[in-house]
Structures are given as C-alpha cells and as structure tokens.
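S.K.: I need the structure of the sequence given here:
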Amino acid sequence: MTRRPSRSVRVLCSALAAGALLTTAACSDGGDDVSQAAAVARQTSTGSPSASPTASLTESGAQTALITAADIEDDWTQVKDSEVANWHDTLIIGTVDVDDFLTGKTDAADCQRLLDGLYTDQLLGKPAGASALRGFQQDQSRLLYQVAAYERTDPQESLAWLKTLPQECDEFTVTNNGQESTVQVIETSLPDVGDDRAGLRITVQGTADGEPATLTEDIAAVRVGMDAITVTAGGLDGDEHDSVEQAVKLGTQRLNDVLAGKSPASTPSEIE
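M.R.: Sure, this is the predicted structure:
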C-alpha cells in the first residue's frame, strides 16, 4: 500500500446502519394476522424485507452493527472515539462560488450542503433515533463509519439528493479565507446491498500548510429500511474505494443481522 503524505485527512465514515423495525402487538385473538400485516407494511415502505419487523434499532444495536478493523481490507486500526470527534479537514471548508453554476443559487446550495454534511458528519441529515460512529486509520488515511436511524422518508430523500450531485456539482470552486480550491464530484459503483445506495468520489485540489494538496474521499451511503449506513474514507493524493466497498458489504450484513435479532459473525465472511 502506498504511504500517504504526512497531513491527516478527515474522512467521514458515517456508517448509518440502523434498521428501525416495527413493533407489533399480538392480541390473544388474531395475533398472527397482526404480525403478518406489519410485515407487509414494512416491505411495502422499504421496497424489500431487509429485516424482520420485531423491534426498533437501539443504541446498543447500533453499536453492535458497527464494523470492526477485521471487516475492511488492508491495515486499518480502530481509533479512540475522542480522536474521531476532532477529524475535521480544512480543505472541505469554504463558500461555494455561485458563478460556477448555470442555475446559480439552487445548485450552489446543493454543493454547499454536500461540503457542510461531510464536515459535520451529517451527510444524510441529523439522525432521528439511535446512532453510532467508529473511526479507523491507516498511515495518514482515515475511514469513518456511521450507523443511524432516521425518519421514514429521510434516508431515501437524502440518497436521491446524493445521486444528483455528480451532475449538479460536477466541478465547482470553493473559497476559504481568500484561498480557492477546485472540487470535483463523480459517481462510483457500490455492491448491490440494502434497499438503496449511493456512491460518490469527492476530489478537492487546494492548499494545505502552504503547499498544493489534493484530497480524495470515497463516500458510500446505504439505506436499510428507515436506517442507513454512511462510509467516508480517503486521504491526500489517494483513495480507499476498495475498503469502502468491503465496509459496505460486510456492514450491511451486520446491520441486517442486528435488525433480525441475530448476532453478527465475529469474523468476516464472503458475501456474494
């Protein structure tokens, strides 16, 4: 693996992998009918029965659904939660230049929302329920993984928005304290997991510590019912797309296991 430059990059690995399940109350008469109706309702609202409707995602469940260093490729090591809270990179801070867009303020606002979401670890919006976050580091690259529960429509609306960004935010300029950076956004492929998914690669060309620098971040978001996984990983002059794909594959499986009331496997298994 190529060693990254000395400057650390802030990589959002929001692993929003929390699937809120419907709780059914079975009466002494017709209990089976009630349970079946709830299952049908969930399948209709999410598009696929990702997990059995038995309980909502809890804080402990969200923690259990988080991936471990063994779930991702290469030599990632888990870092302390207190360190993750300080993972903020100045290259993604700034004001989007409206003049770069044909439609002006509308597209500029979407691109600003993207940068702000990356910086605040709320790319899909603020979680409405349980959430858990875990960070990993490899050389000077970072990976952030988040699992969180949202309102019924929030994950899907946010995923739909993310899918528009390669076109709306293809390339634009950001200004911060008089320094300009060029940002490019392209679509990336993800494993066919979850109920829906979106993948992006963000490249920021600017200045760090007075020297030219390029930050590359791969972003993945996967919806599982009313919950979602978010992963962001990368570094200066490099990318971590393979690790993001692995995190998405095994992370979605862990979340589905938690939502189904199962204990996730202690070691990774191949998911075809």
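S.K.: ranges for the strands of the stretch 1-150 of the chain?
M.R.: For the stretch 1-150 of the chain, the strands defined by DSSP state E, counting those that start in this stretch cover 77-78, 95-96, 131-138, 141-149.
S.K.: contact partners of the second one?
M.R.: By Cβ atoms under 8 Å, 6 or more residues apart in numbering, the list of residues contacting strand 95-96 from outside reads 108, 111-112, 115, 172-176. From N, CA and C alone the C-beta is placed, and that goes for glycine too.
S.K.: Would you show me how to pick out the buried ones of those in PyMOL?
M.R.: Filtering the contacts of strand 95-96 down to the buried ones (16 or more other Cβ atoms under 10 Å) takes a single PyMOL command:
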select buried, resi 108+111+112+115+172+173+174
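S.K.: can I get the contacts of strand 95-96 in JSON lines with pLDDT?
M.R.: Output for the contacts of strand 95-96, formatted as JSON lines (pLDDT from 0 to 100):
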{"residue": "108", "pLDDT": "87"}
{"residue": "111", "pLDDT": "91"}
{"residue": "112", "pLDDT": "91"}
{"residue": "115", "pLDDT": "90"}
{"residue": "172", "pLDDT": "90"}
{"residue": "173", "pLDDT": "90"}
{"residue": "174", "pLDDT": "88"}
{"residue": "175", "pLDDT": "86"}
{"residue": "176", "pLDDT": "81"}
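S.K.: Against residue 223, how distant is residue 193?
M.R.: Using Cβ to Cβ, to the nearest Å, residue 193 is found at 10 Å from residue 223.
S.K.: ok, the two, which is more surrounded?
M.R.: Using other Cβ atoms under 10 Å as the criterion, residue 193 and residue 223 rank with residue 223 on top: 27 against 22.
S.K.: Tell me if the more buried one really is in a strand.
M.R.: Yes. Looking at residue 223 with DSSP: H, G, I helix; E, B strand; the rest coil, it is inside a strand.
S.K.: Can you give me the distance of it to residue 141?
M.R.: Counting by Cβ to Cβ, the gap from residue 223 to residue 141 is 26 Å.
S.K.: Buried residues of stretch 189-205, list them for me.
M.R.: Residues 190-191, 193-204 are the ones in stretch 189-205 that count as buried (16+ other Cβ under 10 Å).
S.K.: and the lengthiest helix in the chain with strand 131-138, angle?
M.R.: When the chain is parsed with DSSP state H, its longest helix is helix 241-259. Computed by axes from the mean of the first three to the mean of the last three Cα atoms, to 10 degrees, the angle separating helix 241-259 from strand 131-138 equals 150 degrees.
S.K.: the inter-axis angle of helix 241-259 versus strand 141-149?
M.R.: With the same axes, to 10 degrees defining the directions, helix 241-259 sits at 30 degrees from strand 141-149.
S.K.: which of the strands of the stretch 1-150 of the chain sits most buried?
M.R.: Ranked by mean neighbour count under mean count of other Cβ atoms under 10 Å, these are led by strand 141-149, which reaches a mean of 29.
S.K.: The one helix or strand residue 207 maps to packs against which elements?
M.R.: Assigned by DSSP states H and E, residue 207 falls within strand 196-208. On a contact count with 3 or more Cβ pairs under 8 Å, 6 or more residues apart in numbering; DSSP states H and E, strand 196-208 meets helix 154-168, strand 179-187, strand 211-224, helix 241-259.
S.K.: Quick check: the residue nearest to the spatial centre of the chain vs residue 182, distance?
M.R.: By Cα atoms, centre = their mean, the mean C-alpha position of the chain lies nearest to residue 230, the distance being 1.3 Å. Counting by Cβ to Cβ, the separation of residue 230 from residue 182 is 25 Å.
S.K.: Same question for residue 65.
M.R.: Going from residue 65 to residue 182 by Cβ to Cβ gives 36 Å.
S.K.: How many residues are close by the closest residue to residue 199 other than its chain neighbours?
M.R.: Once flanking residues are discounted, residue 199 sits nearest to residue 188: 3.9 Å by Cβ to Cβ, 6 or more residues apart in numbering. Neighbour count for residue 188, taken as other Cβ under 10 Å: 16.
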